[in-house]
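Q: build me a structure from this.
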Amino acid sequence: MSELLNSLKDERERLGLTQAGLAERAGVSRKTINTVENGVFVPSTTLALRLARVLGRPVEAIFRLADDQ
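A: The predicted structure is shown next:
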């Protein structure tokens, strides 16, 4: 199984959001955002889609498989 990479932190910072700000908009905890950004937690499809919607980006622009680089 491939590792899931993400650019969540870059996308969040592009919009000037803190982890807490993104968490509030996505309806999750700040710790959830932190663990996703650091690759500790792989988000569900629902959460990945919700984060993409909040950030105004396609999910594929934020999440990718390591072997797709």
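Q: not counting its neighbours along the chain, what's nearest the residue nearest in space to the middle of the chain?
A: In the chain, the residue lying closest to the centroid (CA atoms, centre = their mean) is residue 8, at 4.0 Å. Computed as CB to CB, 6 or more residues apart in numbering, the closest residue to residue 8 that is not its neighbour in sequence is residue 37, at 4.9 Å. Heads up, the C-betas are built off the backbone N, CA and C, glycines and all.
Q: so the one you found is in contact with residue 9, correct?
A: Yes - counting by CB atoms under 8 Å, residue 9 is a contact partner of residue 37 at 4.6 Å.
Q: after the lengthiest helix in the chain, which helix or strand is next?
A: Determined from DSSP state H, the single longest helix within the chain is helix 45-55. Downstream of helix 45-55, the first helix or strand assigned by DSSP states H and E is helix 59-62.
Q: who does that next one touch, helix- and strand-wise?
A: Packing partners of helix 59-62 (3 or more CB pairs under 8 Å, 6 or more residues apart in numbering; DSSP states H and E): helix 8-14, helix 45-55.
Q: which elements pack onto the last one?
A: Where contact means 3+ CB pairs under 8 Å, 6+ apart, helix 45-55 is packed against helix 8-14, helix 19-26, helix 30-37, helix 59-62.
Q: of these, which is nearest residue 50?
A: helix 19-26 (5.2 Å; CB to CB).
Q: could you list the low-pLDDT ranges of this structure?
A: 1, 68-69 (pLDDT under 70).
Q: could you rerun that using 90?
A: 1-3, 67-69 (pLDDT under 90).
Q: and for the residue lying closest to residue 2 once chain neighbours are set aside, the neighbour number?
A: Once flanking residues are discounted, residue 2 sits nearest to residue 65: 4.1 Å by CB to CB, 6+ apart. Neighbours of residue 65 under the rule other CB atoms under 10 Å: 11.
Q: tell me how far residue 65 lies from residue 5.
A: 7 Å (CB to CB, to the nearest Å).
Q: test my guess that residue 23 contacts residue 37.
A: No - contact criterion CB under 8 Å: residue 23 and residue 37 do not qualify, at 10.9 Å.
Q: counting neighbours, what do you get for residue 26?
A: Neighbour tally, residue 26, other CB under 10 Å: 19.
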